[in-house]
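# just to be clear, the model below is a prediction. Sequence and coordinates:
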Amino acid sequence: MTITQLQYVLAVAEHKNFTLAAEKCFVTQPTLSMQIQKIEEELNILIFDRSKKPIQLTSIGQKIVEQAKNIVNEAGKIKDIVEYQKGFIGGEFRLGIIPTIMPTLLPMFLNNFIKKYPKVKLIIEELNTSEIIFRLKNGHLDAAIAATPLEDEKIKEIVLYYEPFVAYVPGNFSISNKNEIEISDLNLDDILLLQDGHCFRDGILNLCKNQNVSPKNSFQLESGSFETLIKLVDEGIGTTLLPYLHTLDLKEKDKSKLKHFKEPKPAREVSLIYPKSELKIHIIDELRTTISGVVKGAITFQNVQIISPIQKK
């Protein structure tokens, strides 16, 4: 069997359709089907149950696919080793970034990175954490920037910085009179949250996990935008929490509504994450160095309390 044949097997396992898998592999469907059939004949087993729609893996097929992933990843490392030895840093690199980090961090490092490494074709996608984890494990992302720890044994994490939570409070709320606030000052009933699927929302819920919450009767908000939350706070409708870097772009008159926490400040841990296969590790290392170089001047908090981005039951 060949690496190419194993790649075909992985494509069918992912898409559960021979025609779609062939399109993704840029071959004809008969070619892909024939190559997979050759593996099955060589091993004298069936990898796929073709009688089911969509196509399903057989029990032995599931084990073969897991091993095929390891083999294809390890084969990919050979090219990485050669490129690293030659000092070549280039090629396609797919990076995912969660929505609450993308708008503030990306402008800080992107220009520096593409100027320093013009041969790297950086493909950047804004994705939520669950989609990032799925794509990393299935080889559709090389790395990502997300809130951690994710507690996933198949993913490695390199901490880039710690970013405190900052409260944004209108003048008609009692805590607006305080210079610094504590977690106990928060009332989850008053906090406007991002919609489900955002790990920053889950972090706030974990921060306030000891509170009993009564549902809001007047309205229900589901927003994916900090800008919407800020405008509602400006109208006196509620309070919200923002990541520290997001507060740097506020207008001076709006910065008066910011309330920083006492130390240790509740914060999220922001990391560069990637699969344990460590493909393209030389590009990952250079990306880490570039980001660390630009954020160290903007964010240097150390005395922090890390809040988990995973919603706790």
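Thanks, I have the structure now. Numbers count the residues shown, from 1 in each chain.
# from here on, just use CA atoms for contacts and neighbour counts.
Noted.
# how many neighbours does the nearest residue to residue 160 once chain neighbours are set aside have?
For residue 160, ignoring the flanking residues on the chain, the nearest one in space by CA to CA, 6 or more residues apart in numbering is residue 271 at 5.0 Å. Applying the criterion other CA atoms under 10 Å, we find 21 residues in the vicinity of residue 271.
# is it true that residue 271 touches residue 156?
No. Between residue 271 and residue 156 no contact is recorded; they are 9.4 Å apart, counting by CA atoms under 8 Å.
# ok so, going back, in a helix, that's where the residue nearest to residue 160 is, yeah?
No. The assignment for residue 271 by DSSP: H, G, I helix; E, B strand; the rest coil gives strand, which leaves it out of any helix.
# bridging residues for it?
Applying DSSP bridges to residue 271 yields these beta-bridge partners: residue 146, residue 159.
# change the start of the numbering to 9 and stick with it
In the new numbering, first residue 9, that becomes residue 279.
# now do the same contact list for it.
153, 154, 155, 156, 165, 166, 167, 168, 169 (CA atoms under 8 Å, 6 or more residues apart in numbering).
# next, the buried residues of stretch 148-156.
Judged by neighbour count using 16 or more other CA atoms under 10 Å, the buried positions of stretch 148-156 are 149, 150, 151, 152, 153, 154, 155, 156.
# what strand or helix carries residue 173?
The secondary structure element spanning residue 173 is strand 163-176 (assigned by DSSP states H and E).
# where along this structure do the helices fall?
For the chain, the helices defined by DSSP state H cover 11-23, 26-33, 37-51, 67-94, 110-124, 137-145, 207-215, 234-242, 252-255, 260-263, 289-303.
# any idea of the pLDDT on residue 285?
Taken from the predicted model, the pLDDT recorded for residue 285 is 82.
# do you know how far it is from residue 164?
9 Å (CA to CA, to the nearest Å).
# low-confidence stretches in the stretch 159-308 of the chain?
Segments of the stretch 159-308 of the chain classed as low confidence (criterion: pLDDT under 70) are 218-230.
# now do 90
Per-residue confidence for the stretch 159-308 of the chain (pLDDT under 90) gives these ranges: 159, 178-187, 192-233, 236, 244-246, 257, 284-289, 303-308.
# what domains does the record give for this protein?
Structurally, the chain divides into domains by the TED database as follows: 11-91, 96-170+276-315, 171-274.
# the helices of the chain: which one's closest to residue 269?
Counting by CA to CA, residue 269 lies closest to helix 252-255 out of these; the figure is 11.1 Å.
# the closest one packs against which elements?
Helices and strands touching helix 252-255, by 3 or more CA pairs under 8 Å, 6 or more residues apart in numbering; DSSP states H and E, are helix 110-124, strand 163-176.
# run the angle between the strand holding residue 173 and helix 207-215 for me.
Taking axes from the mean of the first three to the mean of the last three CA atoms, to 10 degrees, one finds strand 163-176 and helix 207-215 inclined to each other by 70 degrees.
# strand 163-176 vs helix 234-242, what angle?
Here strand 163-176 runs at an angle of 20 degrees relative to helix 234-242 (the same axes, to 10 degrees).
# residue contacts, the residue lying closest to residue 143 once chain neighbours are set aside?
Among residues not flanking residue 143 along the chain, residue 149 sits closest, at 5.5 Å (CA to CA, 6+ apart). Counting by CA under 8 Å, 6+ apart, residue 149 touches 101, 102, 103, 104, 140, 143.
# now do 10 Å
Neighbouring residues of residue 149 by CA atoms under 10 Å, 6 or more residues apart in numbering: 101-104, 131-133, 140-143, 282-283.
# which one of the buried residues of stretch 148-156 is nearest residue 54?
Using CA to CA, residue 149 comes nearest to residue 54 of the buried residues of stretch 148-156, at 29.4 Å.
# for the closest one, give its distance to residue 133.
9 Å.
# what residues are shared contacts of those two?
Contact with both residue 149 and residue 133 is made by residues 102, 103, 104, 140, according to CA under 10 Å, 6+ apart.
# so which of these comes closest to residue 250?
When the shared contacts of residue 149 and residue 133 are compared for distance to residue 250 (CA to CA), residue 104 comes out closest, at 21.1 Å.
# residues touching the closest one, list them.
Neighbour list for residue 104: 110, 131-137, 139-141, 143-144, 148-154, 280-281 [criterion: CA under 10 Å, 6+ apart].
# with residue 148 instead?
Residue 148 sits next to 102, 103, 104, 140, 142 when contact means CA under 10 Å, 6+ apart.
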